[in-house]
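Visitor: coords please:
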Amino acid sequence: MKTIVSGIQPSGVITLGNYIGAIKNFVKLQSEMPDYEFFIFIADLHAVTTPQEKADLRKNIRSLAALYVACGLDPDKVNLFIQSEVLEHAALGYIMETTAYVGELERMTQYKDKMQRQLIGVTCALFTYPALMAADILLYDASFVPVGEDQRQHLELTRDLAIRFNNRYGETFVVPEPLLVKQGAKIMSLADPTKKMSKSDELEKSYISLLDDSAVIRKKIMTSVTDSESRIRFDETNKPGISNLMTILASLTNQSIAQIEDAYINKGYGDFKNDVSETVIKELVMIQSRYRDLIHSEELNRYLDQGKNRAKEIASRKLSKVFQRMGLSR
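Guide: Numbers count the residues shown, from 1 in each chain. Okay, here's the model as predicted:
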């Protein structure tokens, strides 16, 4: 059976952008690709490349797991687990460090960006985390990895490392392919629509958290940055704010951009923003209700144990094969 692998860091709130760009698509894929096995994990080892408060990290890990299920991931179709509970990730991460070259890691755009923002206390893990990311993927012989444009560089490194290891030690890893999402893959900031919506943004009004209440959601959308033109049309260069809201609406209603343009041909920004607000609120209220049922439940523990056990079964088998290939065995 072919596999699909993806992870997300439990580093704070999960945004509408994460939901539309990743989680919502997994919900769709789990039904559209029944012949594939899904491994979706909470990437807590990646989160600690920068210091984390212990209590906050534990809370965020569980919250993210509950949100994944509340958003529609079916634990009977998807192996949902916590990365640090499958220690093979860390072990293969080291093996990938022995396979990667310093120059390759230095070229990683995200590392360079984070270096500029964090001038003091940069950890070795922040530099080597693409090796761990490669391990996350290669452990499960992923055929496809859902990625946005900002992650394609890391996937290319993963492919390079898989090919290099296979050439050195014999065929061991499947070389993964990117699975690109077209519409809704990149939701932009509500405060600055030239930037991607990010949970790390200091301006809370720039993003919508999946756990924001209805009043907060409405205010953020109604006050989002647009432009002085009154016509509702898709133009990412000249009208990035309106185009972003159109993308959100299209992603949540399964309408095309052309259909939205036609529907609002004689309407203004106020009506349009109000409809976007109501659509987002309707979607998130259902998610929040399910989330509250799950967050402190034994049901969620069962789902995570189930996912962990399956992931460990596959990962331990792969790591054993890697060690044998390299001579790391008696």
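Visitor: Please enumerate the helices of this structure.
Guide: 16-18, 24-32, 44-47, 54-70, 88-99, 102-106, 109-117, 124-138, 152-169, 214-222, 240-253, 257-263, 269-294, 298-326 (DSSP state H).
Visitor: Now the shortest one: average pLDDT?
Guide: Averaging pLDDT along helix 16-18 yields 91.
Visitor: Figure out how far it is from the centre of its chain.
Guide: The chain centroid and the centroid of helix 16-18 are separated by 9 Å, computed with C-alpha atoms, centre = their mean, to the nearest Å.
Visitor: What lies in contact with that helix?
Guide: Applying C-beta atoms under 8 Å, 6 or more residues apart in numbering, the contact partners of helix 16-18 are 8, 186-188, 196-199, 207-210, 248, 280, 284. C-beta here means a position set from N, CA and C on the backbone, and glycine is covered the same way.
Visitor: Can you tell me which of those are classed as buried?
Guide: 8, 186-188, 196-198, 207-210, 248, 280, 284 (16 or more other C-beta atoms under 10 Å).
Visitor: which among the residues you listed gets closest to residue 163?
Guide: residue 8 (26.3 Å; C-beta to C-beta).
Visitor: domain parsing for this structure?
Guide: The chain breaks down into these domains under automatic domain parsing: 2-180+298-326, 204-292.
Visitor: Who are the contact partners of residue 230?
Guide: With C-beta under 8 Å, 6+ apart, residue 230 has these contacts: 268, 269.
Visitor: Tell me where the model's unsure across the stretch 151-300 of the chain.
Guide: 181-185 (pLDDT under 70).
Visitor: do that again at 80, thanks
Guide: The model of the stretch 151-300 of the chain has pLDDT under 80 over residues 151, 180-185, 200.
Visitor: In JSON lines, list the helices of the chain along with distance to residue 203.
Guide: Supplementary listing: the helices of the chain in JSON lines, determined by distance: least, C-beta to C-beta, whole Å:
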{"stretch": "helix 16-18", "distance to residue 203": "14"}
{"stretch": "helix 24-32", "distance to residue 203": "24"}
{"stretch": "helix 44-47", "distance to residue 203": "22"}
{"stretch": "helix 54-70", "distance to residue 203": "20"}
{"stretch": "helix 88-99", "distance to residue 203": "33"}
{"stretch": "helix 102-106", "distance to residue 203": "31"}
{"stretch": "helix 109-117", "distance to residue 203": "15"}
{"stretch": "helix 124-138", "distance to residue 203": "24"}
{"stretch": "helix 152-169", "distance to residue 203": "27"}
{"stretch": "helix 214-222", "distance to residue 203": "10"}
{"stretch": "helix 240-253", "distance to residue 203": "15"}
{"stretch": "helix 257-263", "distance to residue 203": "26"}
{"stretch": "helix 269-294", "distance to residue 203": "18"}
{"stretch": "helix 298-326", "distance to residue 203": "31"}
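Visitor: follow-up on the earlier one: and which of the buried ones among the contacts of helix 16-18 is nearest residue 238?
Guide: Taking C-beta to C-beta as the measure, residue 188 is the one of those closest to residue 238, at 14.2 Å.
Visitor: Now that closest one: closest residue in space, sequence neighbours ignored.
Guide: residue 244 (4.3 Å; C-beta to C-beta, 6 or more residues apart in numbering).
Visitor: Run a quick neighbour tally on residue 237.
Guide: Neighbour count for residue 237, taken as other C-beta atoms under 10 Å: 7.
Visitor: Next, find the distance separating it from residue 256.
Guide: Using C-beta to C-beta, to the nearest Å, residue 237 is found at 20 Å from residue 256.
Visitor: Kindly report the same for residue 270.
Guide: Residue 270 is 23 Å from residue 256, by C-beta to C-beta.
Visitor: what's near enough to touch residue 270?
Guide: Contacts of residue 270 (C-beta under 8 Å, 6+ apart): none.
Visitor: wouldn't residue 220 be in contact with residue 203 here?
Guide: No - applying C-beta atoms under 8 Å as the test, residue 220 and residue 203 come out as separate, 10.2 Å apart.
Visitor: No further questions, thank you.
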